[in-house]
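Engineer: I need the structure of the sequence given here:
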Amino acid sequence: MRRVIEVTRTVIVKSTPLPRKLFRVFVELEGMYRNIVEQLVLYAVKNGITSFTRLKALKYRELRSLYPQLLSHYVYTVCQDVSTRVKSFLRLKRRGLAKSDYPAVNRVSIWLDDHLWRVRSLTSIEIATHRGWVTIELELHKQYWRYLNSSWRLASEAKVKLDKRNRQLIIYLTFKKSVEAYKPRGFTVADINENHVVVLVDDKVYLFETGFRDVVLGYYYRRKRIQERYDKLYGVNCRVKRRIFRKLKERRKKSDLKWKLANIIVRVAKEKQYAIVLEKLGMNPAKEMISRVKDDQLRHRIYQASFKGVQKAIEEKAREYGVPVIYVNPRNTSKICPIHNAKIIYSNGSRVGRCSEGGELWHRDIVACYNLLLRAHLGDGSVAPSLGGFTLDGSSIPLGSTATHDPTGIWESLWMRWKSLDETLKNLK
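Structural biologist: Just a heads-up that it's a prediction; the model follows:
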């Protein structure tokens, strides 16, 4: 029996620029919404309330008397918003990561349920405000039409933020669809490193250059120069510096790399009906890696290397396509020979090492992939097939016929352009 998964995706669209009088209505609505959020956050944290239903039961009548002009369902959505914020804050506080006694309400999105908004047409929606229902025309894009015209369905909830500079609404629409997860016939292994991701498919290993290290270092030096220049003139918290930082777009570039790479890996696994094998990382793997590193630049590189980010992108894409994901223990995967279970010795920083028992040579990335694959076959995963048909070449010839080959390197500009493994390999040749 196949397992059905419900997948959600958020699509951000903007409204057309609104007239000043109409936009003032949403400014008033946001002001009342923010006031309620600030009041309820203090109350919920002080009394340790994380349940949406309990918070609504305790504060509904009071809020309705304070804001009679608001529809009652705004009280429901505010309570949902606050319970989410308080749960997150109390979780951080238990771990000792909270820096204050109460969470700060810096940004506010107006939560809407099916009583507070509705679709008017393919290009417009209606929102209920304290001044009545208002029609909003949308500036639509290709991503919106792709979701609308495929198997995705529009959910009943939405969120709205205000862009006060351009007098526009930023609307967060949620799309959902149900996906069936299949029983895997084999495995595709993805090993995530600082500057590349290694993928093992049918005894062939591909090394996708990501360039994360160059991106991180490039923005590191740019930020350093900007700080040295403006901190002396205007102070640490100057507005000019923050405006320049917003234009760097480091996060956007890294996000684009992560999602395109995840799309390639998941589509290969879907085509072959394989499961994806990933390393079982902790909550904050970069923090564990830098615990013994003293060099500030190297610490920054490791912390910004997106190990967890790439893995989350693969997980999200796998859910969308119904591809099973299996997690295995990554300990010593690049240090142990998968044939003799003996230590591999690397010298002079080389990525090729020699098995201390069998004498065969192993490429560091290839041996990591094969060890992850072996652990998945041996049952570390939840739906792991048997070991039948799995072979390795253990010849002592340097870089022997199968297992010890160098991986096929694919540079970033090629896989970013073609977005699928087959097309990429055709153009690589």
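Engineer: count of neighbours near the closest residue in space to residue 110 that isn't next to it in sequence?
Structural biologist: Nearest residue to residue 110, sequence neighbours excluded (C-beta to C-beta, 6 or more residues apart in numbering): residue 160, at 4.5 Å. Every C-beta, even on glycine, is put in place using the N, C-alpha and C of the backbone. Using other C-beta atoms under 10 Å, the number of residues around residue 160 comes to 23.
Engineer: before we move on, what about residue 62?
Structural biologist: Residue 62: 12 neighbours (other C-beta under 10 Å).
Engineer: can you give me the distance of residue 416 to residue 146?
Structural biologist: Residue 416 sits 19 Å away from residue 146, going by C-beta to C-beta, to the nearest Å.
Engineer: wait, is the residue nearest to residue 110 part of a strand?
Structural biologist: Yes: read with DSSP: H, G, I helix; E, B strand; the rest coil, residue 160 is one of the residues of a strand.
Engineer: got the contact list for it?
Structural biologist: Counting by C-beta atoms under 8 Å, 6 or more residues apart in numbering, residue 160 touches 26, 109-110, 112, 127, 169-172.
Engineer: ok, residue 307 next?
Structural biologist: 192, 194, 281, 285-286.
Engineer: what does residue 208 give?
Structural biologist: Applying C-beta under 8 Å, 6+ apart, we find residue 208 in contact with 196-199, 261, 264, 410, 412, 415.
Engineer: tell me if it really is in a strand.
Structural biologist: Yes: checked against three-state DSSP, residue 208 lies within a strand.
Engineer: any idea how far residue 110 is from it?
Structural biologist: Taken as C-beta to C-beta, the span from residue 208 to residue 110 is 40 Å.
Engineer: which residue packs closest to residue 205, ignoring adjacent ones?
Structural biologist: Closest residue in space to residue 205, ignoring its immediate chain neighbours: residue 407 at 4.1 Å, by C-beta to C-beta, 6+ apart.
Engineer: for residue 135, same thing?
Structural biologist: residue 126 (5.4 Å).
Engineer: quick check: mean pLDDT of stretch 231-244?
Structural biologist: Average pLDDT, stretch 231-244: 82.
Engineer: in that stretch, which residues are buried?
Structural biologist: By neighbour count on 16 or more other C-beta atoms under 10 Å, the buried set for stretch 231-244 is residue 241.
Engineer: mind checking which of the contacts of residue 208 land in helices?
Structural biologist: Applying DSSP state H to the contacts of residue 208, the entries found in helices are 261, 264, 412, 415.
Engineer: look up how far residue 64 lies from the last one.
Structural biologist: Put plainly, it is residue 415. 56 Å.
Engineer: please tell me how far the residue nearest to residue 205 sits from residue 207.
Structural biologist: 4 Å.
Engineer: over to residue 281?
Structural biologist: In terms of C-beta to C-beta, residue 281 sits 20 Å off from residue 207.
Engineer: one more: residue 299?
Structural biologist: Distance from residue 299 to residue 207, counting by C-beta to C-beta: 25 Å.
Engineer: who has more neighbours, those two?
Structural biologist: Taking neighbours as other C-beta under 10 Å, residue 299 and residue 207 compare with residue 207 leading, 21 against 15.
Engineer: contacting residues around that one?
Structural biologist: Residues near residue 207 by C-beta under 8 Å, 6+ apart: 196-198, 365, 407-410.
Engineer: ok but the residue nearest to residue 135 is inside a strand, no?
Structural biologist: Yes: counting by three-state DSSP, residue 126 falls inside a strand.
Engineer: run through the bridge partners of it.
Structural biologist: Partner residues in beta bridges with residue 126, using DSSP bridges, are residue 118, residue 135.
Engineer: wait, it touches residue 132, no?
Structural biologist: No: checked against C-beta atoms under 8 Å, the pair residue 126 and residue 132 is beyond contact range at 10.0 Å.
Engineer: who has more neighbours out of those two?
Structural biologist: Comparing residue 126 with residue 132 by other C-beta under 10 Å, the one with more neighbours is residue 126, at 14 against 7.
Engineer: read off the pLDDT value for the more buried one.
Structural biologist: For residue 126, pLDDT reads 96.
Engineer: can you give me the distance of it to residue 170?
Structural biologist: 17 Å.
Engineer: rewinding a little: got a markdown table for the contacts of residue 307, with neighbour count and pLDDT too?
Structural biologist: A markdown table is the format used below for those (neighbours: other C-beta atoms under 10 Å; pLDDT from 0 to 100):
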| residue | neighbour count | pLDDT |
| --- | --- | --- |
| 192 | 25 | 88 |
| 194 | 17 | 81 |
| 281 | 15 | 82 |
| 285 | 18 | 71 |
| 286 | 19 | 68 |
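Engineer: which ones among those residues lie within strands?
Structural biologist: residue 192 (DSSP state E).
Engineer: adding distance to residue 355, write the contacts of residue 307 out as JSON lines.
Structural biologist: As requested, those are arranged in JSON lines below (distance: C-beta to C-beta, whole Å):
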{"residue": "192", "distance to residue 355": "24"}
{"residue": "194", "distance to residue 355": "25"}
{"residue": "281", "distance to residue 355": "27"}
{"residue": "285", "distance to residue 355": "27"}
{"residue": "286", "distance to residue 355": "30"}
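Engineer: among the contacts of residue 307, which pair sits farthest apart?
Structural biologist: 194 and 281 (13.8 Å; C-beta to C-beta).
Engineer: so where do the helices sit in this protein?
Structural biologist: Using DSSP H, helices in the chain cover 20-47, 52-66, 72-94, 142-148, 212-234, 239-246, 250-272, 285-289, 296-303, 307-321, 364-375, 412-418, 421-428.
Engineer: tell me the most buried of those helices?
Structural biologist: Among those, ranked by average contacts under mean count of other C-beta atoms under 10 Å, first place goes to helix 364-375 (a mean of 24).
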